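>>> fold the following for me, if possible:
(2 chains)
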Amino acid sequence: MKITCSINITPNKVVVNGKELNYTERGEKLLTAIYRRQINDYPKFFKMDSLCRLGFVASELLLNGEPDRFKPREDRAVVFFNSSSSLCNDENYQKTIQDKNNYFPSPAIFVYTLPNIVTGEIAIRNKYYGETSFYVLDRLDIESMEQIINDTFQDLTTKSVLGGWLDCKDKDHFEAHLFLIKDEETSSLTNWDKIIINKIIYNKQ
Amino acid sequence: MGHTMIVKIADNIISPLGFTTERNYQAVKAGESSIQLHERHWGIPEPFMASLFKDGEIDNEFDKLRSTCKYTDFEKAIILSIDKALQQTAINPSSDRVQFILSTTKGNIYLLDNKNEGFSKERALLGVSAQYISDFFHNPNRPIVISNACISGVCAQITAMRCLQSNRCDAAIVVGCDIQSRFIVSGFQSFKALSPDQCKPFDVKRRGLNLGEAAATIIYGRKNRTDVDNNEWLVCRGAIRNDANHISGPSKTGEGSFRALRTIIQEKDIPQIAFINSHGTSTLYNDEMESIAISRAGLQSIPVNSLKGYYGHTMGAAGILESILSMQAVDDKNILATRGYETCGVSHPLILSNQNRPTDKQAFIKLLSGFGGCNAALLFKRGGLL
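Sure, this is the predicted structure:
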């Protein structure tokens, strides 16, 4: 398995393939700034919860420039991991039912109380009919991520995985470390293994 | 199929219909349902139909385990289910060759509502709760939680198959559970997805789903093809596919479900299949979508059933609970009735019945779909078919 590209987004930094992009915005505003400057053709972005916004902009930056980007395909899986599940938006939904005298459960918020919705948003945007999966771990564990993503290729239709860590604690505290991993042995590409993933995530040279 | 086969070693179902697989199967075979009307429950203004555990039912059974630690109802139901499944085996859950895989959508979400239960907010994190569960069994491996909406129970089984195939464990304990709460019920009400009466899968008068509570466990292991017995259950092929269409509505072409079915089924399997155990939630759009997917996959000559009329939609448990009952049914040469079904109400006719029917076939398909546009299909066979 080889990594063809990677992206890291934290509340104050955007790094694509090891190169930091020049953004001055922070937290929630950073995601909106990325959308406006580099995407700007998908207004549905503004309906999304924080986890989906994070996954959406990260996947856009990762896939930008890929040949035949929007051609429907079944051979790409989307496999994400985190530790917060959808708790950031769960708390928003809870507020709509907390007070008996101000009880207004909202379907538009409730739909985002599942972590895998972001995998669906990315599948819709890119016309991916392949596997979409969301795993929750107690912490960022590179070995578990590596093993589960490698296992995804046991489905012989799957030739590439858009996968990695996508966690949103609240609207201003988040972490995305996504990779495009391909089932090929091109020597010019980086190995998909825990040493390399570790280097990319923690920016260790 | 390769040389290494994934076999079912043991199972258990904990539900309002009973605390063993056998009791649950007999209840379903006899047409019992635990779905009831709940009024002014949990402070929810509108009444709702659901299959819920009785107060104290889980506690009474859990007390027999004499645990000194404090667990939530969600964790207790899971621990009980795993414990009962393990009792049928010689597996030591504290071995590093045993992997825990947990399927749930909302876990301990009700802790957001009742903050005074003495649990920290951390406990609402699925990975943290899973760790408490695997710690109960002294398992040294990091538990894997799969949270893929309503298809989680099939995804967890696929994850187990893959872990076993890549030899990372010798036994995978797959458990699914969701406990209902104001959070979940109010959300489904806001979606207008709940039926005011007993659900009627695939029926012309269906008006939505009922929610349900359950925990279900399957323990999977690995065997050489030549060592598989005729009456053992094999989980053969699984696939997960997305509609790439809408985050909360099923595809009008049954796209993901059709593609998942197409991936797991070969022409030669079709005559062996006793039935397709569908998702069959009884919502207008889900059941219609499944009828389209099954027809597109050329499987409309295979009987279809749905078990939602007995338990409601048990969310993270559904894929596991319904797989276990389907295995029991095939062993009993029976296609379980679709409770609540009377007249076909989908555009692509399916072979459905509200009566149990005989079969002598030895394989079945489990089908699920969920929010996020995800769909999953799993093919099971008895060893006798090898």
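>>> what segments of the stretch 151-300 of chain B are helices?
B:152-165, B:182-190, B:255-264, B:284-296 (DSSP state H, counting those that start in this stretch).
>>> got the buried residues for stretch B:194-213?
For stretch B:194-213, a neighbour-count test (16 or more other Cβ atoms under 10 Å in any protein chain shown) marks B:194-195, B:198-203, B:206-213 as buried. For the C-beta atoms, the positions are set from N, CA and C on the backbone; glycine is no exception.
>>> equivalent analysis for stretch A:102-122, please.
Buried-residue list, stretch A:102-122, by 16+ other Cβ under 10 Å: A:105-106, A:109-122.
>>> B:A297 against B:I264, yeah?
No: no contact is recorded between B:A297 and B:I264 when judged using Cβ atoms under 8 Å, the distance being 9.6 Å.
>>> give me the nearest residue to the closest residue to chain A within the stretch 1-150 of chain B, chain neighbours excluded.
Using Cβ to the nearest Cβ, the point where the stretch 1-150 of chain B gets nearest to chain A is B:G127, with a distance of 3.4 Å. Beyond its immediate neighbours in the sequence, the residue positioned closest to B:G127 (Cβ to Cβ, 6 or more residues apart in numbering or on different chains) is A:D138, lying 3.4 Å away.
>>> contact partners for that neighbour?
Taking Cβ atoms under 8 Å, 6 or more residues apart in numbering or on different chains as the criterion, A:D138 is in contact with A:S83, B:L125, B:G127, B:V128, B:A130, B:Q131, B:R142, B:P143.
>>> give me the subset of those lying in strands.
When DSSP state E defines the strands, the subset of these inside them is empty.
>>> can I get these in TSV including distance to A:E25?
Formatted as TSV, the contacts of A:D138 follow (distance: Cβ to Cβ, whole Å):
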residue	distance to A:E25
A:S83	25
B:L125	28
B:G127	30
B:V128	32
B:A130	35
B:Q131	36
B:R142	35
B:P143	37
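>>> what mean pLDDT would you report for stretch B:247-257?
The pLDDT scores in stretch B:247-257 average 96.
>>> what's next to it, contact-wise?
With Cβ under 8 Å, 6+ apart as the test, stretch B:247-257 has contacts from A:107, A:111, A:117, A:120-121, A:124, A:129, B:191, B:241-245, B:285-286, B:288-294, B:296, B:367, B:369, B:371-375, B:377.
>>> just the buried ones from the residues you listed?
Judged by neighbour count, with 16+ other Cβ under 10 Å as the criterion, the buried members of those are A:111, A:117, A:120-121, A:124, A:129, B:191, B:241-245, B:285-286, B:288-294, B:296, B:367, B:369, B:371-375, B:377.
>>> give me the more crowded residue out of B:A297 and B:I264.
A side-by-side neighbour count of B:A297 and B:I264, using other Cβ atoms under 10 Å in any protein chain shown, places B:A297 first with 24 against 20.
>>> and the residue nearest to the more buried one when sequence neighbours are not counted, what does it touch?
Here the nearest residue to B:A297 in space, its sequence neighbours aside, is B:L261; by Cβ to Cβ, 6+ apart that works out to 4.0 Å. With contacts defined as Cβ under 8 Å, 6+ apart, B:L261 is in contact with B:A293, B:I294, B:A297, B:L299, B:I365, B:L367, B:A377.
>>> of those residues, just say which sits nearest to chain A.
Using Cβ to the nearest Cβ, these come closest to chain A at B:A377, 11.7 Å.
>>> where does the residue nearest to the spatial centre of chain A land in three-state SS?
For chain A, the residue sitting closest to the mean C-alpha position, by Cα atoms, centre = their mean, is A:G55 at 3.3 Å. For A:G55, the reduced secondary structure class is helix; criterion used: DSSP: H, G, I helix; E, B strand; the rest coil.
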